[in-house]
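Predicted structure and sequence below. I'll ask about it afterward.
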Amino acid sequence: MDWGMKNRLSQLIQKDGKALFLPIDHGYFQGPTHRLEKPGETIKPIWQYADALMMTRGVLRNCIDPAISKPIILRVSGATTVVGEDLANENLVTSIQEIIRLNASAASMSVFIGSKYEHQTLSNLAKLVDQCEDYGIPVMAVTAVGRELEKREARFLALSCRVAAELGARVVKTYYCKEKFEKVVDGCPVPVVIAGGPKTETQQEVFDFVYDGIQKGAIGVNLGRNIWQTEHPVAAIRAIRAIIHENFDAKEANNLYEQIKAEKP
Ligand code: R5P
């Protein structure tokens, strides 16, 4: 692996082999998502606890201070919305020149396996990998399910992660599943990070699945709503960070969460 690729990957994945990515890209298909109406404000108290931030070029240019010292994972697929016909009909919407110009540490796009647009999104992944590898930029593939949240089970996720890695993704983002998550990770030759999905009822549920996912081989998370949509985003991200980087279990993380919540701002 060339120096540039190694250098970018080491900005994203820390020395302990783990990673906490904070995504704020949801507006690219949902518009002004709850608590992400002003992305720059949303991340102000929490960005420092993340290892990297994920967003589109529009949010990066308009809402993020260029002096920020955090690696950026640039979302480069899109062109569909929640009110449109089919979320899976995504294309590449950002050029390799833009990825380089914005000094991204990685590029990221969604693949919709099992959908009508499987071939299109997988071909786009291969294209993006070819363009990015020329410049030593890692691609993180997002194994998306669109509105079909029930697809989040081990066989589907394992297939999606493996295919994304076979096409050249250097990191794969997928969902956690309670049953046989280890099969998802074991069948994927590149590091796997877990997305959070819609906000859970309790914070403990998040700590439970993050902890279990890490035990089963995930290197970390790319987790947004279950941090910045909560009542206590700082406490939430710090507790998740403790699971990822300080070997806290889910109960210890919840105790830390309660302790930080109780502190005066
Ligand atoms: C959706 O595809 C977005 O790319 C998000 O980055 C991803 O779903 C992770 O965010 P959350 O934890 O809110 O699901």
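Happy to help now that I have it. Residues are numbered from 1 along each chain as shown.

Please count neighbours and contacts with C-alpha atoms only from this point.
Fine.

which ones are touching the residue nearest the centre of the chain?
In the chain, the residue lying closest to the centroid (Cα atoms, centre = their mean) is N222, at 3.0 Å. By Cα atoms under 8 Å, 6 or more residues apart in numbering, the residues touching N222 are 20-23, 173, 193-196.

Bridge partners for it, pull those for me.
F21, A195 (DSSP bridges).

Could you point out the longest helix of the protein?
Counting residues, the longest helix found in the chain (DSSP state H) is helix 118-133.

hmm, who's touching it?
Helix 118-133 is contacted from outside by 88-92, 96, 107, 109-113, 138-139, 141, 164, 167-169, using Cα under 8 Å, 6+ apart.

in it, what counts as buried?
Judged by neighbour count using 16 or more other Cα atoms under 10 Å, the buried positions of helix 118-133 are 118, 120-122, 124-126, 128-129, 131-133.

Can you give me the end-to-end span of stretch 173-191?
Chord length of stretch 173-191, first to last residue, is 9 Å (Cα to Cα, to the nearest Å).

now that stretch, how far from the centre of its chain.
Its chain's C-alpha centre and that of stretch 173-191 lie 14 Å apart, by Cα atoms, centre = their mean, to the nearest Å.

Numbering from 30 from now on, please.
Sure, I'll start counting at 30 from here, so that last one is stretch 202-220.

Check which residues of it are buried.
Across stretch 202-220, burial judged by 16+ other Cα under 10 Å covers 202-206, 210-215, 217, 219-220.

Then stretch 281-288?
The neighbour-count check on stretch 281-288 (16+ other Cα under 10 Å) flags 282-283, 285-286 as buried.

need these in CSV with pLDDT and secondary structure, can you?
Shown next, in CSV, are those (pLDDT from 0 to 100; DSSP: H, G, I helix; E, B strand; the rest coil):
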residue, pLDDT, secondary structure
A282, 98, helix
N283, 97, helix
L285, 98, helix
Y286, 97, helix
